[in-house]
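In: My questions concern the predicted model and sequence given below.
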Amino acid sequence: MSKIPAELRYSKDHEWVRLEGGRAIVGITDYAQDSLGEIVYVELPSVGDTFEAEEEIANIESVKAASAIYNPLAGTVAAVNEALDGSPELVNQDCYANHLYELTDFETSAFAELLDAPAYQAWLDAQKS
Amino acid sequence: MRCTPVFEEYGTYPGVRMIDFGGWNLPVNFQAGILSEHHAVRTRAGLFDISHMGECMVTGVESEAYLDYLFTNSVAGMVDGQIIYTLMCYPSGTVVDDLIVYRIDSESYWVVMNAANVSKDLAWITKENPWAASGKAIPTIVDFSEYTAQLALQGPLAERIITRLCPEAASLGFFTFLKDARVDGIRCILSRNGYTGEDGFELYCANDQSIHLWKALLAAGEADGLIPCGLGARDTLRLEAKLPLYGHEISETITPLEANLGVFVKLEKPDFCGKAALAKQEEEGVPRTLRGIQMIDNAVPRNGYQVFLGEKEIGYVTSGALSPTLDIFCGYVLLDRSITLKFGDEVEVLIHGKRKRAKIVKTPFYKRTPAKKIT
């Protein structure tokens, strides 16, 4: 069973988002990190760059494969989690405590349209069946 | 999807992660994970189920001459109980497959093929190659792939573990085999070789005995830290040790000379399939060369990524990974040989739309220190 914290919002591409201090904090879900396997490198976006929703924004390299990360929410990158540069395995250890990047200039209404925890669980169940 | 005969045993192990590998449902890793499994093989021992590999038996008086014609390495020079690695080429000099050949005697050989190439190889060996197509007599070729399981016990403690179940294994030199070994009572072909860059053994047995053998080996090695390992670790291990992977370093569009496997191509043999083309390539200059790279910028070079020197595209990545032993991002690149690059020279790899710096380095990335024999 994947962990899906109730307080977060989710995209169908398996990112989670939470709001904090006017910023949207973005990471990948437990399902995503488990599917990727052991993560060896995270390529993060440049601070100041603007991305559309569902645009490719980052890349996660696991031992076996490279996987694109799709931005769940249109906005501008305000900060990235630099701890992942030297320790990408943090995402495997706790994907909800170790985010990828933070966004500003996003629409609050777009955030509200993201999946809540039960909807994301239903989406996962639908993918598996 | 096809499953190996051992899948029934490990398919329910907690933490096992299965992937579709060319139509085979195979473990990419077990509970330990790829990195831990890799380290286990480098420092202790790991057990792999590689029953997807294909095998055929070649028998008859023409066997030696026929295989010496089909293969680039010297089959005629082999002795009983010896193994060689070889390429099998088309007349164009590009590669049908790479194979392991076991000489049982001058009239019987056991030939091991890559899983994805079994049908193609058998068609080539039994009828499509120029010798067979000409109507000349060929030996009897029997496909054993469906009936044969293959396990690989790899790592510095492999000898200690296998001798608990088969004391005779200690007498095996590297690239030799016992045609009729008993391992915990199970009849096997037992050879000393592998695809990891470590000491190790490969075992072939009948499908219905494979679970017994798998469990017996794991039990015999438990105290030494032996763990089951998947294809993920097998790939990073072979990559560090510069062991080629068909479809990557060699293929239907790459010759063995381009892949720097010339040592396995015996151009001095009177004739073999592909000789004329390879001899011509050697004489006129091999167009491409396989080099090793280490990334300067952090990123994983993967198969197919383009390589640049300044604005000029000079080749592509054949394989790449994080090397778990060295903790570097590294790989192999097939480069235009007209450009001379020294060790330490910088090139760039296009990774996710960005140029990432890498340098040309010596290979293999990892070479084991052979155990000192007390004489």
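Out: Perfect, thanks for sending it.
In: Show me chain B divided up by domain.
Out: Domain segmentation of chain B under automatic domain parsing yields B:7-50+B:146-240, B:287-361.
In: Quick one: the ones you listed as TSV, columns for mean neighbour count and mean pLDDT too.
Out: Any C-beta I mention is one placed from the backbone N, CA and C, and that applies to glycine too. Rendered in TSV, the data for the domains of chain B read as follows (neighbours: other C-beta atoms under 10 Å in any protein chain shown; pLDDT from 0 to 100):
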stretch	mean neighbour count	mean pLDDT
domain B:7-50+B:146-240	20	97
domain B:287-361	18	96
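In: closest to residue B:91 out of those?
Out: In this view, these are compared for proximity to residue B:91 by C-beta to C-beta, and domain B:287-361 is the closest at 17.7 Å.
In: Any idea how far apart the tips of the closest one sit?
Out: Chord length of domain B:287-361, first to last residue, is 20 Å (C-alpha to C-alpha, to the nearest Å).
In: Now residue A:24: closest residue in space, sequence neighbours ignored.
Out: Setting aside the residues directly before and after it, residue A:24 is nearest to residue A:103 in space (C-beta to C-beta, 6 or more residues apart in numbering or on different chains), at 4.4 Å.
In: close enough to count as contact, that neighbour and residue A:26?
Out: Yes. Counting by C-beta atoms under 8 Å, a contact exists between residue A:103 and residue A:26, whose distance comes to 6.5 Å.
In: Common neighbours of the two, please.
Out: Both residue A:103 and residue A:26 are in contact with A:71, A:73, where contact means C-beta atoms under 8 Å, 6 or more residues apart in numbering or on different chains.
In: closest to residue B:250 out of the domains of chain B?
Out: Closest of the domains of chain B to residue B:250 is domain B:287-361, at 8.8 Å (criterion: C-beta to C-beta).
In: Chain A contacts on the stretch 251-375 of chain B?
Out: Applying the criterion C-beta under 8 Å from any C-beta of the partner chain, the portion of the stretch 251-375 of chain B that neighbours chain A consists of B:298, B:299, B:300, B:302, B:321, B:322, B:324, B:329, B:352.
In: So which elements touch the host helix or strand of residue B:162?
Out: Taking DSSP states H and E as the criterion, residue B:162 maps to helix B:158-165. If you count contacts as 3 or more C-beta pairs under 8 Å, 6 or more residues apart in numbering or on different chains; DSSP states H and E, helix B:158-165 packs onto strand B:200-206, helix B:210-221.
In: quick one, phi/psi of the closest residue to residue B:124 other than its chain neighbours?
Out: For residue B:124, ignoring the flanking residues on the chain, the nearest one in space by C-beta to C-beta, 6+ apart is residue B:96 at 5.3 Å. In terms of degrees, to the nearest 10, the main-chain angles of residue B:96 are phi -70, psi -50.
In: okay but residue B:96 is in contact with residue B:117, surely?
Out: Yes. Using C-beta under 8 Å, residue B:96 makes contact with residue B:117 at a distance of 7.3 Å.
In: follow-up on the earlier one: so the residue nearest to residue A:24 is in which element?
Out: strand A:101-104.
In: hey, C-alpha coordinates of whatever helix or strand comes next after that strand in PDB?
Out: The C-terminal neighbour of strand A:101-104 among helices and strands, as given by DSSP H and E, is helix A:108-112. Coordinates of each C-alpha in helix A:108-112 appear next as PDB, following Å, rounded to 0.1, in the frame of the first residue of the first chain:
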ATOM      1  CA  THR A 108      -4.900  29.100  -6.200                       C
ATOM      2  CA  SER A 109      -7.800  27.900  -8.200                       C
ATOM      3  CA  ALA A 110      -5.500  25.500 -10.100                       C
ATOM      4  CA  PHE A 111      -4.200  24.100  -6.800                       C
ATOM      5  CA  ALA A 112      -7.800  23.500  -5.700                       C
END
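In: May I see the buried residues of helix A:108-112?
Out: In terms of neighbour count (16 or more other C-beta atoms under 10 Å in any protein chain shown), helix A:108-112 has its buried residues at residue A:111.
In: With stretch A:83-93 instead?
Out: Per 16+ other C-beta under 10 Å, stretch A:83-93 contains these buried residues: A:84, A:88, A:90, A:91, A:92.
In: Return the distance of stretch A:41-53 from the chain's centre.
Out: Distance of stretch A:41-53 from its chain centroid, counting by C-alpha atoms, centre = their mean, to the nearest Å, is 12 Å.
In: Would you mind listing the residues in contact with residue B:152?
Out: When contacts are counted by C-beta under 8 Å, 6+ apart, residue B:152 is found next to B:47, B:48, B:50, B:194, B:195, B:196, B:200, B:201, B:202, B:203.
In: Quick check: beta-bridge partners of it?
Out: Following DSSP bridges, residue B:152 is listed with bridge partners residue B:48, residue B:202.
In: Kindly report the same for residue B:350.
Out: The partner list for residue B:350 in beta bridges (DSSP bridges) reads residue B:355.
In: now it: how far from residue B:306?
Out: Residue B:350 is 5 Å from residue B:306, where distance means C-beta to C-beta, to the nearest Å.
In: Check residue A:67 too.
Out: Taking C-beta to C-beta as the criterion, residue A:67 is separated from residue B:306 by 20 Å.
In: Against residue B:46, how distant is the closest residue to chain A within the stretch 51-200 of chain B?
Out: Taking C-beta to the nearest C-beta, chain A has its nearest neighbour within the stretch 51-200 of chain B at residue B:196, 15.5 Å off. From residue B:196 across to residue B:46, the span is 8 Å (C-beta to C-beta).
In: Also residue B:83?
Out: With distances taken as C-beta to C-beta, residue B:83 is found 21 Å from residue B:46.
In: show me where the stretch 151-300 of chain B has strands.
Out: Per DSSP state E, counting those that start in this stretch, the stretch 151-300 of chain B carries strands over the ranges B:177-183, B:186-191, B:200-206, B:227-229, B:288-295.
In: For residue B:41, find the nearest of those strands.
Out: strand B:227-229 (6.3 Å).
In: Not counting the closest one itself, show me its contacts.
Out: Contact partners of strand B:227-229, identified using C-beta under 8 Å, 6+ apart, comprise B:10, B:13, B:27, B:29-30, B:32, B:36-38, B:40-41, B:46-49, B:154, B:218.
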